[in-house]
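Chemist: predicted structure and sequence below. I'll ask about it afterward.
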Amino acid sequence: MCCPPGAGRSSYSPRTRTTPSGASSCGRSRAVADVPRRTVALSALALGLTACSAPAAIERNDAGSQPVPASSPSPTDASTTTTAAPAPSSASAAPTAAQTAAGRFTAAASPASALVVVNKRRPLAPVDFVPELTRPNVVLATSGEGALLNPATAHAAEAMFAAAANAGSPMTLVSGYRSYGTQSATYNAWVAREGQAMADVASARPGYSEHQTGWAFDIGDAGGACALHPCFKDTPAARWAAAHAWEFGFIVRYPWMFHETTGYYYEPWHLRYIGVEAAAAMRAAGANTLEDFLGLPAAPTY
Ligand SMILES: [Zn+2]
């Protein structure tokens, strides 16, 4: 959930997936029934779009002063779910490690909880939720509201950034909190520029972005290379985060080739705080996504 045009370039291949609806988590969407999704997705990839995409002119405008749309997205049926529902694909199947782990950790409905799950089937409730916010003492590559996180996430980020720097892999905070108003403006700009279908691939709907919770942020490498592009995965900061972020309670929320579960293409820069205990359990369970870990259904589309 986070990116400018250019992210998502050539290194990503949808392979045989025919209906990749995922954008990155920054934007939002609507049904695109009359637009071939594969065409749209591939076009998006060619343009380098991911969940965090924003038109260049909008990307820098993170002051949150944009008007909020008159109508809010309607919560889906999953919006009030408070308990993870382990749903084995068949009655005879043995529980997976992830399903077992889900017995100890359950998805929260409140965006104030570290275990809230926000995806294309689970908007924030309320959709215009505003978290408590603070500015972490880390190296910033952004300003305004984008430099803010909720207190627990900020505290954990400070520890993680310090550890990464000590290990010789310094990172920067590229994009943190994003308000409902900012997300609305970003999404609407995409609609105006590229149309509804592309907007839905490139940007999260307002009220559906993890960035609005304060629990998520995008990192960059201190060297500035490949910011919000797939090649970021090969930078020192990304490699360190992939190996050690969990020790500080973070997960890489949108892993490679799990867009049909998360709804978003690969984002090696988008980290989500879920707490050290949960992150360690998720790693031990071998769960690739938060949805899998908590026993929630996939959320490829709205
Ligand atoms: Zn993001």
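Modeler: Done, it's in. Numbering: from 1, shown residues only.
Chemist: next secondary structure after the helix or strand hosting residue 252?
Modeler: Taking DSSP states H and E as the definition, residue 252 sits inside strand 250-254. Next helix or strand after strand 250-254 toward the C-terminus (DSSP H and E): helix 259-262.
Chemist: let me know whether residue 152 touches residue 115 as I believe.
Modeler: No - counting by Cβ atoms under 8 Å, residue 152 does not reach residue 115; the two are 11.9 Å apart. Yep, even glycine has a C-beta here, placed from its N, CA and C like the rest.
Chemist: what's the helix or strand for the closest residue to the ion within the stretch 101-250 of the chain?
Modeler: Relative to the ion, the nearest point of the stretch 101-250 of the chain is residue 218 (4.2 Å; Cβ to the ion). For residue 218, the host element (DSSP H and E) is strand 216-221.
Chemist: I'd like to know which elements that strand is packed against.
Modeler: helix 151-166, strand 171-175, helix 236-244, strand 267-273 (3 or more Cβ pairs under 8 Å, 6 or more residues apart in numbering; DSSP states H and E).
Chemist: what's the angle between the longest one and strand 171-175?
Modeler: What it means is helix 151-166. Inter-element angle recorded for helix 151-166 and strand 171-175: 140 degrees (by axes from the mean of the first three to the mean of the last three Cα atoms, to 10 degrees).
Chemist: what mean pLDDT does helix 151-166 have?
Modeler: The average pLDDT for helix 151-166 rounds to 98.
Chemist: please begin residue numbering at 723 from this point
Modeler: Let's use 723 as the start, then, which means that last one is helix 873-888.
Chemist: what's the angle between it and strand 972-976?
Modeler: Using the same axes, to 10 degrees, helix 873-888 lies at 100 degrees relative to strand 972-976.
Chemist: count residues in the vicinity of residue 945, would you?
Modeler: Neighbourhood size, residue 945 [other Cβ atoms under 10 Å]: 13.
Chemist: low-confidence ranges, the chain, go.
Modeler: 723-824 (pLDDT under 70).
Chemist: where exactly do the helices run in it?
Modeler: 759-769, 778-781, 819-824, 873-888, 902-916, 918-924, 958-966, 981-984, 998-1007, 1012-1015 (DSSP state H).
Chemist: list the buried residues in the longest one.
Modeler: Using 16 or more other Cβ atoms under 10 Å as the burial criterion, the residues of helix 873-888 that qualify are 874-879, 882-883, 886-887.
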